[in-house]
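Colleague: requesting a structural model of the entry that follows:
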Amino acid sequence: VLLPMTTARLQQKDIDRDIAAAETAGFAVITLEDVYARIDPTELVIAPWDNHPNARAHQLVAEQLYQGLLEQPDLVTSH
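Modeller: Residues are numbered from 1 along each chain as shown. As a prediction, the model looks like this:
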């Protein structure tokens, strides 16, 4: 899962590089690169001095991760 930090915005070249590396290594990839898009980072952190995701940020991650899993059902079905 590609999950950005709450306060950092990733460059597209870095996203592309990381996804390509993971796929080349044989990993399935779910990207949450835009999970925090259009939201002020200060609304996503626990406190100004603590960049960990708050409840709102966790909810956004959970919703987008769920959608990513629905799009790749082979990741959650047993073989």
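Colleague: pLDDT of the helix or strand that contains Gln59, averaged?
Modeller: Assigned by DSSP states H and E, Gln59 belongs to helix 55-71. Helix 55-71 comes out with an average pLDDT of 96.
Colleague: ditto for stretch 29-46
Modeller: For stretch 29-46, the per-residue pLDDT averages 92.
Colleague: enumerate the positions of it that are buried.
Modeller: For stretch 29-46, burial by neighbour count (16 or more other Cβ atoms under 10 Å) applies to 30-33, 35-36, 44-45. Where C-beta positions appear, they are placed from N, C-alpha and C, glycine not excepted.
Colleague: put the alpha carbons of stretch 64-73 into CSV.
Modeller: Coordinates of each C-alpha in stretch 64-73 appear next as CSV, following Å, rounded to 0.1, in the frame of the first residue of the first chain:
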residue,chain,number,x,y,z
GLN,A,64,-9.9,4.3,0.1
LEU,A,65,-8.2,1.1,1.2
TYR,A,66,-11.5,-0.7,1.1
GLN,A,67,-12.2,0.6,-2.4
GLY,A,68,-8.7,-0.5,-3.4
LEU,A,69,-9.4,-4.0,-2.1
LEU,A,70,-12.7,-4.1,-3.9
GLU,A,71,-10.9,-3.3,-7.1
GLN,A,72,-8.5,-6.2,-6.5
PRO,A,73,-10.6,-9.0,-5.1
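Colleague: tell me which residues of it come out buried.
Modeller: 64, 68.
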